[in-house]
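1. model this:
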Amino acid sequence: MSTFPWLKGHGTENDFVILPDPDGSVHGELDAAVVRFLCDRHAGLGADGVLRVLQGDKQSYVEDGGDWFMDYRNADGSIAEMCGNGVRVFVKYLAEAGLIDGKPVRVGTRAGVKEVVQNDDGTLTVDMGAPKLPDAAGIVVEANGHQWPALHVDMGNPHAVAFVDDLDEPGNLCDQPTWTPAAAFPQGVNVEFVVRRDAHDVQMRVHERGAGETRSCGTGTCAVTVAAARQAGDELPVTYRVGVPGGEVSVTWRADNHLELTGPAVLHARGDFDRAWLTGI
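-> This is a model prediction of the structure:
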């Protein structure tokens with residue numbers, strides 16, 4: 001096949017290239033260099049990551065691939081376990097392509113199967129599972145010459161959440177913030193900086209490992225909700241509004257310890273890519 005189809009979509013401006021590949025025959029083992037090229041905002045299509053669409057029983061990455069498997073890659077070509085904004089965009093594509101009906105869909109990810117529901121108002125709700133709070137006291141993150149204590153929250157991928165007085169304090173988040181102890185996050189970490197605006201209303205910025213500062217991070221909004229609720233001593237269930245540079249989402253920490261993420265998903269471009277354009281990457 002000399003060309004392959006692609007789409008672009010975003011969830012609160014966290015944007016993705018979508019590669020339909022139901023049986024895995026279009027891309028084989030997705031090459032990291034191809035991912036980097038497609039995500040390049042100057043030479044490629046531009047995105048925070050790539051979502052490859054595979055049938056759940058046609059993938060070999062995890063034991064349970066769900067109804068459909070989201071093979072997610074960061075903009076730098078590295079593999080990521082999960083993406084809360086990406087999985088909503090993923091299901092938006094499945095629905096518009098007529099590949100699913102109105103029932104909840106089980107999406108396989110490297111962080112387990114996530115159930116996604118399409119709401120009447122056009123938003124989508126994802127059962128993000130239960131957070132893990134590793135015993136990692138004493139974590140400190142540093143950016144722009146400042147340091148803050150941070151809470152380690154694992155949402156299938158690692159997060160360090162720090163509360164700040166002003167979201168400008170961390171400065172330019174294109175570069176990865178540093179952390180101590182270094183051994184806390186051997187595979188890197190997503191770092192969220194948060195301000196509280198009201199009892200259940202927070203605003204955040206994020207540096208995503210493998211992507212830099214993004215306009216939103218779905219798993220990050222869940223990690224922030226956990227950190228904010230623990231800081232406030234909230235009883236479950238509790239719902240937080242989480243503002244991000246690209247919009248806002250709602251996160252409910254349920255009584256059963258699962259987190260539900262609700263937000264929009266938009267598809268806004270599609271086309272065909274000539275493989276000849278990949279020569280020399």
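
2. Give me the number of neighbouring residues for Gly280.
-> 5 (other C-beta atoms under 10 Å). Where you see a C-beta, it was placed from the backbone N, CA and C, and this is true even at glycine.

3. who touches stretch 235-252?
-> 10, 12-14, 197, 200-206, 215-218, 221-222, 224-225, 228-229, 253-255, 257, 259-264 (C-beta atoms under 8 Å, 6 or more residues apart in numbering).

4. Just the terminal-to-terminal distance for it.
-> End-to-end distance of stretch 235-252 (C-alpha to C-alpha, to the nearest Å): 12 Å.

5. Same question for stretch 210-217.
-> Note: stretch 210-217 ends 13 Å apart using C-alpha to C-alpha.

6. Stretch 20-29 now?
-> End-to-end distance for stretch 20-29: 14 Å, by C-alpha to C-alpha.

7. what's the answer for stretch 118-136, then?
-> Stretch 118-136: ends 36 Å apart by C-alpha to C-alpha.

8. Off-centre distance for that stretch?
-> Between the centre of stretch 118-136 and the centre of its chain there are 11 Å (C-alpha atoms, centre = their mean, to the nearest Å).

9. Buried residues in it, which are they?
-> Using 16 or more other C-beta atoms under 10 Å as the test for burial, stretch 118-136 gives 118, 123-129, 131, 136.

10. Then stretch 193-207?
-> By neighbour count on 16+ other C-beta under 10 Å, the buried set for stretch 193-207 is 193-195, 200, 202-207.

11. do stretch 95-114 as well
-> So for stretch 95-114, counting by 16+ other C-beta under 10 Å, buried means 95, 99-100, 105-114.

12. got CSV for the residues you listed, with secondary structure and pLDDT too?
-> Listed next are the buried residues of stretch 95-114 as CSV, based on DSSP: H, G, I helix; E, B strand; the rest coil; pLDDT from 0 to 100:
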residue, secondary structure, pLDDT
Ala95, helix, 98
Leu99, coil, 98
Ile100, coil, 97
Val105, strand, 98
Arg106, strand, 98
Val107, strand, 98
Gly108, strand, 98
Thr109, strand, 98
Arg110, coil, 97
Ala111, coil, 96
Gly112, strand, 97
Val113, strand, 98
Lys114, strand, 98
